[in-house]
Structures are given as C-alpha cells and as structure tokens.
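Novice: Sequence and predicted structure are below.
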Amino acid sequence: IGTLKDLKDLTLDYNRLRELPISLANLTGLEILSLNENKLRPFPEVVLYLSSLTSLYLEGNEITFVPPVVGTSTSLTELELMYNPLLNPPVDLLSSGTPAVLLYLNRLHHAELTGDLDLTVQSLKFLSFEGTDVVQLQRVSLSDNAFRLLSSMIC
C-alpha cells in the first residue's frame with residue numbers, strides 16, 4: 001500500500017487489523033483514512049506522518065488513548081473515536097466534536113512541553129493523563145468544567 005503515492009482515500013473498515021505498517025507513512029497525499037471496526041490498539045502513530053490527512057475514522061477499535069501530539073495537526077478536521085475504551089481523551093468530550101477533541105489534545109501537548117496545563121471551559125467530567133507525559137506540571141487550570149470528583153492523578 002505504501003507505494004500508492006497518489007492515493008487520497010483508503011478504507012480498511014471491518015477487518016482485524018491490530019497495527020498499521022510503517023510504509024503507510026509513504027502515502028503523503030492521503031486525505032481520508034477509515035479504520036473503523038478493527039482491533040487497533042494502541043493508537044496507530046504512523047498516521048502522524050500523514051501530513052495531508054483531513055479525516056481519520058477510528059470508531060470501534062481498542063484504543064485507550066490518543067497521543068496529545070495529534071492535537072497539533074494543521075490538516076486534520078475530522079477525527080472519529082466513538083466506541084473505543086478511551087481514557088484519554090475522555091469519552092464525554094467526543095460528543096463535543098472534532099474541534100473540541102483536538103483543542104483538548106493540543107492543550108495536553110502544550111502541557112507536556114511547558115508544564116502549564118490549561119483545560120478551562122472544556123465541559124470535562126473526567127480527567128485522565130493516560131498516554132501523556134505531563135508528570136512535571138507546574139500550573140494546572142481546570143476551571144469551568146463539570147467535575148464531581150478529582151482524579152487520583154491530580155491528588
């Protein structure tokens with residue numbers, strides 16, 4: 001597949017894929033990648049090399065976290081993650097749509113780099129740092145969310 005340089009749309013739904021080959025990164029013109037209903041776990045990081053990717057469909061896999069660096073994508077406009085056992089981003093955030101999910105991931109990525117985590121006004125009910133590298137946080141702002149309990153990651 002990695003030799004199909006002109007490929008724009010690749011659908012691999014309803015297979016039993018557990019991982020993707022690194023050669024997929026050669027599909028530099030790929031805009032749409034659909035991997036719904038597979039067995040992917042963890043998040044297929046090879047997609048981070050697909051700079052033209054605008055739509056990524058990963059519904060119904062076994063993904064527990066999405067790397068925060070996904071939030072820095074400048075081309076991704078559609079990210080579908082429903083029906084995964086997600087801890088991060090929180091499942092309740094998915095209903096807010098792709099822009100909210102990407103903003104959340106971008107803010108986590110910023111926190112990994114700077115130690116400053118700002119998740120204000122995210123409508124979060126649950127927070128997990130699964131799959132992140134935010135152990136050196138110096139400032140955390142979680143105002144204006146829907147938390148009922150603080151995560152053991154904070155306390």
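Specialist: Done, it's in.

Novice: can you pull the contacts of residue 79?
Specialist: 55, 56, 58, 70, 98, 101, 102 (C-beta atoms under 8 Å, 6 or more residues apart in numbering). Heads up, the C-betas are built off the backbone N, CA and C, glycines and all.

Novice: can you redo those as JSON lines with secondary structure?
Specialist: Below are those laid out as JSON lines (DSSP: H, G, I helix; E, B strand; the rest coil):
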{"residue": "55", "secondary structure": "strand"}
{"residue": "56", "secondary structure": "strand"}
{"residue": "58", "secondary structure": "coil"}
{"residue": "70", "secondary structure": "helix"}
{"residue": "98", "secondary structure": "helix"}
{"residue": "101", "secondary structure": "helix"}
{"residue": "102", "secondary structure": "helix"}
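
Novice: pLDDT score assigned to the residue nearest the centre of the chain?
Specialist: By C-alpha atoms, centre = their mean, the chain has its centre lying nearest to residue 66, at 3.5 Å. Turning to residue 66, the model gives it a pLDDT of 97.

Novice: what's the spacing between it and residue 89?
Specialist: Per C-beta to C-beta, to the nearest Å, residue 66 is found 6 Å from residue 89.

Novice: Overlap in contacts, those two.
Specialist: Joint contacts of residue 66 and residue 89 (C-beta under 8 Å, 6+ apart) are 81, 101, 105.

Novice: so what secondary structure elements neighbour the lowest-mean-pLDDT helix or strand in the chain?
Specialist: Ranked by mean pLDDT, DSSP states H and E, the weakest helix or strand in the chain is helix 91-94, scoring a mean of 91. Judged by 3 or more C-beta pairs under 8 Å, 6 or more residues apart in numbering; DSSP states H and E, the packing partners of helix 91-94 are helix 98-114.

Novice: now what about the helix it packs on, what contacts it?
Specialist: By C-beta under 8 Å, 6+ apart, helix 98-114 touches 66-73, 76-81, 88-89, 93-94, 116-119, 122-123, 129, 132-134, 137.
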